[in-house]
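Colleague: missing the sequence, but the structure's below:
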């Protein structure tokens, strides 16, 4: 097996790279960074095609994206455009084509008072959720066109060293900041219910879905247990 992890300089991508190397010691596991600094962005279909010809992956795990807030244009530029370049470059390859795992998000579902399943309707309520849903639908469309695509919808990661865009690390870092006087801790809605999954479990799930997931399917990567933010 030959894995290519896009976005390998990001939080999830960098940790997934290490996890895959431990899990598949005989496999070739490659990222998209050629040296220090951020990974080069996807410039075009031909640019991605050249990388595919050089790396010759059997499995692509597409972690490239953006977690910080931004306009819908910035978010679609980060999620939809690079995914189109990747999937179209893969479609131009002869069969059998590499398997692709796209990282989706629970934000695609939007807020709900009911237990979410893969069959729940997608009703995103944020620009981030909209951009990830567009990415997912693009991936499923290319699956019909012959590129084997699996979608892993990640819920909330529980990892103390994660970026502040994740809820638990944000509160943890606020509590750790030094202060000479009383502090006010600002949080979101405390009655909101979230599903948290420890990072090692999420990485294991991604490895399983990349190698054994059924193309054309969406999988929720979560614990199955809701916790109130309070």
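Modeller: Noted; the coordinates are in hand. In this text, all values refer to a predicted model and were calculated from it rather than measured experimentally.
Colleague: So for the helix or strand where residue 175 lies, what gets flagged as buried?
Modeller: Taking DSSP states H and E as the definition, residue 175 sits inside helix 167-176. Using 16 or more other Cβ atoms under 10 Å as the test for burial, helix 167-176 gives 167, 168, 169, 170, 171. Just so you know, the C-beta spots here come from the backbone N, C-alpha and C atoms, and that holds for glycine as well.
Colleague: Name the residues that touch it?
Modeller: 156, 158-164, 183, 185-188, 194, 196, 229 (Cβ atoms under 8 Å, 6 or more residues apart in numbering).
Colleague: what secondary structure does residue 82 sit in?
Modeller: Recorded secondary structure, residue 82: helix (DSSP: H, G, I helix; E, B strand; the rest coil).
Colleague: for residue 132, that is, sorry about that
Modeller: From three-state DSSP, the assignment for residue 132 is helix.
Colleague: What residues does it make contact with?
Modeller: Counting by Cβ under 8 Å, 6+ apart, residue 132 touches 79, 104, 105, 107, 108, 124.
Colleague: What's the first helix or strand after the helix or strand of the chain with the lowest mean pLDDT?
Modeller: When each helix and strand of the chain is scored by mean pLDDT, DSSP states H and E, helix 167-176 comes last, with a mean of 75. Following helix 167-176 in sequence order, the next helix or strand is strand 193-198 (DSSP H and E).
Colleague: tell me the mean pLDDT for that following strand?
Modeller: Strand 193-198 shows a mean pLDDT of 86.
Colleague: Over to stretch 102-112?
Modeller: If you average the pLDDT over stretch 102-112, you get 92.
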